[in-house]
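> Model the following, please.
(chains A, B, C and D)
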Protein chains: 2
Amino acid sequence: MTRSCDALHPAAHEGAAPDTPSREAATAALVARIEARCAARGVRMTGQRRVIARLLAEAEDHPDVEQVWRRCAEIDRRISIATVYRTVRLLAEAGVIDRHNFHDGRTRYDMPRERHDHLIDRKTGRVVDFTSEEMERLQAALAKKLGYRLVAYRLELYGEPLSSKSEGRGAETSRPSAPVE
Amino acid sequence: MTRSCDALHPAAHEGAAPDTPSREAATAALVARIEARCAARGVRMTGQRRVIARLLAEAEDHPDVEQVWRRCAEIDRRISIATVYRTVRLLAEAGVIDRHNFHDGRTRYDMPRERHDHLIDRKTGRVVDFTSEEMERLQAALAKKLGYRLVAYRLELYGEPLSSKSEGRGAETSRPSAPVE
DNA sequence: ATACATGCAAATGCTTTGCCTTCTC
DNA sequence: GAGAAGGCAAAGCATTTGCATGTAT
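From the prediction side, this is the model:
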């Protein structure tokens, strides 16, 4: 069975996010959305799934399964990594979280609050989030020029630090979204 | 240590492609380029590497390692799959071939004749190749703004036909699809 | 000659699964 | 109480690697 459910960014902003709600409110909304979708699909909401969902909703980075598992352990030691794998896949297939492959050998996940693109540091593996209206405009323009209406896209930039930036060994992954331009 | 060495799309254009040579000539040029780079890096050119390089240069698709290996076997049965893995990685690190991850569980490679991006028709699955200097400029600029030098990137646009009509003419290069499998 | 390359098979590392227990609905 | 979900450990897969042997330079 094909299992691709990779994160394709919807091309246009959705009505969502009327204003900038508090962080907790946003998180709560995400969690609520998950529970709603699970309910809609007849998927049972268990303790472990709640923990995992909340963790993902609160995460600022793009954790891989092991990282999610470790964070889970801090809350409930009884959650096995197999469950994390199963749940994370479940959520990705439900379209609640995005699945990424940044070519570092593991699959990363994140529950995006707002659309953003990624720049991956080739040296450290760190992921920097960014948004660019110009990029969105250009993509739409290119698609139009080719006779299409842009529906979705995938964009990843891979770079090397310009200066000898921090050699952040070990832990990787990002920081909150930075509006560029 | 991270082991990413993915080619994806190299960020910058190189001198390459003066005119549109015959297919064999193009293939020969690619092979020559490989040999040149290997020589430049002090990498020995062996029989198995020649076979693998030629196969990749002739390939129209994005074969995974096993496919490359099978094709090799038709020419020289003695090539082991371990060698294919090693060679393919070597070439990717040398920037001679591109490495792709389509989330289907295996890594695919191809030796692009010219850099180009893809727009995928959501309706028909048709792939339209295109290039955009403005896009390249913008990507580089964004990376720079974030403190990075753009090394590679991945871009895919997904769209729906604007009208029922194909309307092939556009300012950008629009060409028949490439195998995406 | 002498590094480097290859074969083969064992070893990795991430992810999935079988099976039996536990818990939600 | 029935069937989904979880825990554990074994199984799978693609990919890498140790080592002895072959080979390009």
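> use CA for all of it now, contacts and neighbours both
Fine.
> So for chain A, which residue is the most central one in space?
Closest to where the C-alpha atoms of chain A average out (C-alpha atoms, centre = their mean) is A:Asp110, at 2.4 Å.
> which residues touch that residue?
A:56-57, A:59, A:61-63, A:97-99 (C-alpha atoms under 8 Å, 6 or more residues apart in numbering or on different chains).
> And for A:Arg41?
Going by C-alpha under 8 Å, 6+ apart, the list of residues near A:Arg41 is empty.
> ok, so what distance separates it from chain B?
25 Å (C-alpha to the nearest C-alpha, to the nearest Å).
> Would you mind measuring from A:Glu58 to A:Ile52?
Distance of A:Glu58 to A:Ile52, given as C-alpha to C-alpha, to the nearest Å: 10 Å.
> Looking at the contacts of A:Asp110, which are in helices?
Under the assignment DSSP state H, these contribute A:56-57 to helices.
> PyMOL command for the buried members of the contacts of A:Asp110?
Buried residues within these, by 16 or more other C-alpha atoms under 10 Å in any protein chain shown, are selected in PyMOL with:
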select buried, chain A and resi 56+57+59+61+62+63+97+98+99
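> In a strand, A:Glu160, correct?
Yes. Counting by DSSP: H, G, I helix; E, B strand; the rest coil, A:Glu160 is found in a strand.
> what pairs with A:Gly159 across the strands?
A:Asp121, B:Leu150 (DSSP bridges).
> pretty sure it is touching B:Leu146, no?
No. Taking contacts as C-alpha atoms under 8 Å, A:Gly159 lies outside contact range of B:Leu146: 9.7 Å.
> Just give me the neighbour total for A:Ala92.
19 (other C-alpha atoms under 10 Å in any protein chain shown).
> can you tell me how far it sits from A:Arg99?
6 Å.
> can you check A:Ala82 too?
For A:Ala82, the distance to A:Arg99 - C-alpha to C-alpha - is 17 Å.
> got the contact list for the helix ranked longest in chain A?
The single longest helix within chain A, with elements called by DSSP H, is helix A:23-40. With contacts defined as C-alpha under 8 Å, 6+ apart, helix A:23-40 is touched by A:44-45, A:53-54, A:57-58, A:94, A:96, A:113.
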